[in-house]
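> Provided below are the primary sequence and the corresponding predicted coordinates.
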Amino acid sequence: MQLDQNPFFRKTITPWYDSNFACWVLICSMVLVFCFAVSGVIVASDDPNLVRHIWFPLMLAGLSGFLVVKVYVRLNIRSNNE
């Protein structure tokens, strides 16, 4: 017998890694990673020997910024649905 995938009489249980607390911890840690990556871009742009390696902190800043926005949107959608 299969369980009902969409029960109307009870609230769905979110996994621990998708809880509000875990999302806020992820946002805070990714903001720290973003700041670290921006400082890497500043250091790499000042030194002529490191300019060719500036792609790495730029990619790190872009990915962490994207993740912050994505998780924040998920939290916003979840709080509007409740």
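Everything's here; your move. Residues are numbered from 1 along each chain as shown.
> drop to CA atoms for contacts and neighbour counts, all remaining ones
OK.
> Buried residues, stretch 26-36. List them.
By 16 or more other Cα atoms under 10 Å, the buried positions in stretch 26-36 come out as Leu26, Ile27, Met30, Val31, Val33, Phe34.
> Now render those residues as CSV, adding pLDDT.
Output for the buried residues of stretch 26-36, formatted as CSV (pLDDT from 0 to 100):
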residue, pLDDT
Leu26, 96
Ile27, 97
Met30, 97
Val31, 97
Val33, 97
Phe34, 97
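> What is the burial count for Asn76?
For Asn76, the neighbour count with other Cα atoms under 10 Å is 11.
> Next, format the buried residues of stretch 26-36 as a markdown table and append secondary structure and distance to Thr14.
Listed next are the buried residues of stretch 26-36 as a markdown table, based on DSSP: H, G, I helix; E, B strand; the rest coil; distance: Cα to Cα, whole Å:
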| residue | secondary structure | distance to Thr14 |
| --- | --- | --- |
| Leu26 | helix | 16 |
| Ile27 | helix | 18 |
| Met30 | helix | 22 |
| Val31 | helix | 24 |
| Val33 | helix | 26 |
| Phe34 | helix | 27 |
